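Colleague: quick one: sequence and predicted model below, then my questions.
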Amino acid sequence: MNECEQAIASSWLDELAIELGVSIDSLLRLCIGWSGEHRAFTFPMFDMAGVVRGVRLRGSNGRKWSVRGGQEGLFVPRSVGGTEGPLPDATARLVVCEGPTDTAALLDLDFDVLGRPSCAGGMKLLVDLVQSCQPNDVAIFADADTPGLRGANNLASTLAVYVPSVRVVTPPPSAKDARDWKRQGATHADVLARIAGAQSRRLGVVGKAVAR
């Protein structure tokens, strides 16, 4: 990861930020780098201890794959939640999205956000995370397609056991994902309103009378 971070040229970073519609600062917070071997940008994936488990690759043509031999992890920005470490302390709300570029987009909009490795990945890591940092609310930002919604709903059902409130949030119909919505001009307030309008899922406890 360190070698890749040092290898990236500032001109390539400028071009990628413009292409993606996100800031250079957010890409740097995600520890973006460059792999000469793979001819691709790199995004490390972390575990709960802040150790790199795997590396996601993004080619100049937008192709996405991972370095062979790694495992899935979370895309965790530096200083998320106001900390210096790789994982957040307790926060009122944690936003979860899919992939590093959506994570960068929501970082630009000033959210404490983590990225899943895929629409269905990172379940165990996210359960461990919320048990550790105990957020009051988790907003899962889903891509506006069938796999994205299915993965977000499965994660929401799992996290509802550990978090007081979980919401599945989608962008408006004009956007396919968080980054696309941000490119269209979405603001922090727009995303907050979308989160507030999403149904909160809470774990219900049902009692049963016992005859004596």
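Modeller: That came in fine, so what should we check first?
Colleague: please count neighbours and contacts with C-alpha atoms only from this point.
Modeller: Will do.
Colleague: can you classify the residue nearest the centre of the chain by secondary structure?
Modeller: With distances taken as C-alpha atoms, centre = their mean, the chain has residue 115 as the residue nearest its mean C-alpha position (1.8 Å). When states are read from DSSP: H, G, I helix; E, B strand; the rest coil, the local structure at residue 115 comes out as strand.
Colleague: from residue 43, how far out is the closest residue in space to residue 187 that isn't next to it in sequence?
Modeller: Excluding the flanking residues, the one nearest residue 187 by C-alpha to C-alpha, 6 or more residues apart in numbering is residue 109, at 6.3 Å. Counting by C-alpha to C-alpha, to the nearest Å, the gap between residue 109 and residue 43 amounts to 20 Å.
Colleague: before we move on, back to that, the residue nearest to the centre of the chain against residue 103, yeah?
Modeller: Yes: A contact is recorded between residue 115 and residue 103 when judged using C-alpha atoms under 8 Å, the distance being 5.5 Å.
Colleague: what do those two both touch?
Modeller: Contact criterion C-alpha atoms under 8 Å, 6 or more residues apart in numbering; residues bridging residue 115 and residue 103 by contacting each: 75, 97.
Colleague: in the chain, which spans are strands?
Modeller: 33-35, 40-46, 52-59, 64-66, 93-98, 113-116, 137-141, 165-169 (DSSP state E).
Colleague: out of the ones you listed, which is closest to residue 150?
Modeller: Go through these one by one with C-alpha to C-alpha and the one that ends up closest to residue 150 is strand 165-169, at 10.3 Å.
Colleague: what is the longest helix along the chain packed up against?
Modeller: Using DSSP state H to assign secondary structure, the helix with the most residues in the chain is helix 146-159. Packed against helix 146-159 by the contact rule (3 or more C-alpha pairs under 8 Å, 6 or more residues apart in numbering; DSSP states H and E) you find helix 123-133, strand 137-141, strand 165-169.
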